[in-house]
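Enquirer: Here's my sequence, what's the structure:
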Amino acid sequence: MKTKIGKTEIQLAIFAEALERLIKGEGKHVVTGTKLSMAQLAKESGVGSGTIYYKPYYEFRVRAIELMAEYNSGLNVKHGGVVSNKVELQTLRDDRDKEKRLKEEYRDTCGELRTQVKRLCAERGAVEHALYEATIRIAELEQSFEKITGKHLDEYFSGNNEQVVLLPRNLQLIK
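Expert: Take a look at the predicted model:
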């Protein structure tokens, strides 16, 4: 019979993975080279800062404090932290500048596309109006043809009328 894994065991596994990442210096949410604390562990685990202090996690918390103390004692915070912070600050500034540039390019592109859409809408309106006028002109010509001949245009060409010669529409088909 399989035993169901409880929420506590799952949470402990998440805490253990996060602690391992922090000690290896591969944190996803915590900067490498910073002093480790329970708050950093909670942040890396993706839980609230008080979650790790619940009673079921006491043994893990004690073990984690010991491991973090070992890690922090071997860390030269004054020298390594400042250099790390300068490098990180520069990368953040570069990222910010890149995001600003991308945002400006996006705005320019959007502006160009908006003007293009406006132009295309105006052209479409002009073409639709020309089509409307052509349709009206065709209707007028059909009416005047019917007045002159006394027959509707479709009836006039349906019979074998040898007086009217129609040119083929596609001259390539005829050899």
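Enquirer: Okay, and residue 16 sits in which element?
Expert: Under the criterion of DSSP states H and E, residue 16 resides in helix 7-24.
Enquirer: tell me the domain ranges of this protein?
Expert: 7-73, 82-150 (the TED database).
Enquirer: buried sites along stretch 3-22?
Expert: 11, 15, 18-19, 21-22 (16 or more other C-beta atoms under 10 Å). C-beta coordinates here come from the backbone N, C-alpha and C atoms, glycine included.
Enquirer: which secondary element of the protein has the worst mean pLDDT?
Expert: helix 153-158 (a mean of 74; mean pLDDT, DSSP states H and E).
Enquirer: The spatially most central residue of the chain: which element?
Expert: With distances taken as C-alpha atoms, centre = their mean, the residue of the chain nearest its centroid is residue 106 (12.8 Å). Residue 106 is located in helix 77-149, with elements delineated by DSSP H and E.
Enquirer: How far does that helix sit from its chain's centre?
Expert: Its chain's C-alpha centre and that of helix 77-149 lie 17 Å apart, by C-alpha atoms, centre = their mean, to the nearest Å.
Enquirer: Same question for stretch 24-32.
Expert: With C-alpha atoms, centre = their mean, you get 27 Å for stretch 24-32.
Enquirer: And that stretch, end to end?
Expert: 9 Å (C-alpha to C-alpha, to the nearest Å).
Enquirer: circling back to that earlier point, compute the inter-axis angle for the helix or strand following the helix holding residue 16 and helix 7-24.
Expert: Toward the C-terminus, helix 7-24 is succeeded by helix 38-45 as the next helix or strand (DSSP H and E). Angle of helix 38-45 versus helix 7-24, following axes from the mean of the first three to the mean of the last three C-alpha atoms, to 10 degrees, is 110 degrees.
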